[in-house]
Structure formats: C-alpha cells, structure tokens
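Enquirer: The following comprises the amino acid sequence and a computationally predicted model.
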Amino acid sequence: MITTEAKTKQWYTIKVQNNREKSVSERLKSEMIREFNEEVNFLIPTQGIISVKDGKKVQKEQILYPGYIFVETRTIDKIAHLVKTTNGATNVLRDNKGTPIILKQSEVERMFGEKEANKVSLETSFVLGEKVEIVNGPFAKFKGEVESIDIDKNKVKVEVLIFGRATFVDLTLEDITKYNG
C-alpha cells in the first residue's frame, strides 16, 4: 500500500520515458500545486558535454540518469497518484513489498554534487592515426595525422610534414578538423 504523509521531506525516484524527464517533472510540479497546493522539488542531474565539430566547440546538456527524475516531498502518495495519470511518467520506484523507495542521504548529496559541479567533459570524434587539417595558428592549412589525444587537457598531438620532415605539433582540439581529401 502507498505510504501516507511522512513527517519530513524525503527523496524518491520516478521512472519516466527517456527524453521526457523535463516535461514530466514540470507537469508533476504544476499538478501538485494545482491539485494539492503543495510545493515539491524535482532534480534532473545533468552535465555539460563539449563536442568538437568542424573545429568548433558545441556545448549541450546530457542527463546523467536517463529515464529517471528525483522528487523531494512529504507526500509520495499524492505524487504516485499523479504519476498514474501523467503522460510519460511510468511509476514511483518501489521495493519488493510495494513501498516507495526512499533515497539515502548520501545518494542525494552525490546527485546534488554532480548537478552543482556541472562537470564539463569533452567528447571528441578524432581517433589515433586519423588524417586531420589544422585550421588555427601558424600551421593553419597543414595536414597531418593524430598521434595522441589528451581529452582532460583539451590537447592533441599531430604529426605534420614541415620542409619534408615529420614534426609533432601540440594543438587544442579546436585547432583541427577532419581532413576530407
């Protein structure tokens, strides 16, 4: 059976359809205010991802737990009722006995840490040995091969021919693009 009102706010997990996390959380939040006059907190941990495409940085948000949203409330039974009627929401996660699972404080702190840190990671589409063209700096228009990639430092080492000799050039990921020639 669904629990009744808890004395303090607890964090729970709601399963939703992928790519509907934001819309479902907004809908549930507004429905809680409209039907029960109660404010609830929703959390959808994300991280910024920087991709390098055609020598340019492109930043986008990536959801860390796709298909899940987290809610802080005193009344999970009200949320569970709304979840049943909300398009895109599946259910509140429950244990074997059918009781909604309360998140541990350490789990919540870790999620808030991930959200506040908003870690930015760099995705690259370059691979070792790939032919690239340098687009910035004194070696612009030179072609070469990727010898090493250091994503943490946003650096790439490219082997280019300068006056007929193989030379390694340290560049940033924004300084190169795939060579299509």
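Expert: Arrived safely. What you are looking at is a predicted structure, and each value in this text was computed from that prediction instead of being measured.

Enquirer: The chain: strands as residue ranges?
Expert: Using DSSP state E, the strands found in the chain span residues 10-16, 41-43, 46-53, 56-63, 68-73, 89-92, 120-123, 131-134, 143-150, 155-162, 165-172, 176-178.

Enquirer: As JSON lines, those with distance to His81 would be great.
Expert: In short, each C-beta sits where N, CA and C put it, glycine included. Formatted as JSON lines, the strands of the chain follow (distance: least, Cβ to Cβ, whole Å):
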{"stretch": "strand 10-16", "distance to His81": "12"}
{"stretch": "strand 41-43", "distance to His81": "16"}
{"stretch": "strand 46-53", "distance to His81": "28"}
{"stretch": "strand 56-63", "distance to His81": "25"}
{"stretch": "strand 68-73", "distance to His81": "12"}
{"stretch": "strand 89-92", "distance to His81": "10"}
{"stretch": "strand 120-123", "distance to His81": "38"}
{"stretch": "strand 131-134", "distance to His81": "56"}
{"stretch": "strand 143-150", "distance to His81": "51"}
{"stretch": "strand 155-162", "distance to His81": "53"}
{"stretch": "strand 165-172", "distance to His81": "52"}
{"stretch": "strand 176-178", "distance to His81": "52"}
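
Enquirer: Of those strands, which is nearest Leu103?
Expert: The minimum distance between Leu103 and those falls on strand 10-16, with 4.1 Å, by Cβ to Cβ.

Enquirer: and the angle from that closest one to strand 68-73?
Expert: Inter-element angle recorded for strand 10-16 and strand 68-73: 150 degrees (by axes from the mean of the first three to the mean of the last three Cα atoms, to 10 degrees).

Enquirer: buried set for strand 10-16?
Expert: Under the neighbour-count criterion of 16 or more other Cβ atoms under 10 Å, strand 10-16 has 10-14, 16 buried.

Enquirer: Out of those, give me the two with the largest separation.
Expert: The widest separation within the buried residues of strand 10-16 (Cβ to Cβ) is 18.9 Å, between Gln10 and Val16.

Enquirer: any weak-confidence spans in the chain?
Expert: Low-confidence segments of the chain, defined by pLDDT under 70: 1-7, 54-55, 114-124.

Enquirer: try 90 this time
Expert: 1-8, 38-39, 45-64, 75, 105-128, 136-139, 149-155, 162-164, 172-181 (pLDDT under 90).

Enquirer: for the longest helix anywhere in it, which positions count as buried?
Expert: The longest helix of the chain (DSSP state H) is helix 21-36. Buried positions in helix 21-36, judged by neighbour count with 16+ other Cβ under 10 Å: 21, 24-25, 27-29, 31-32.
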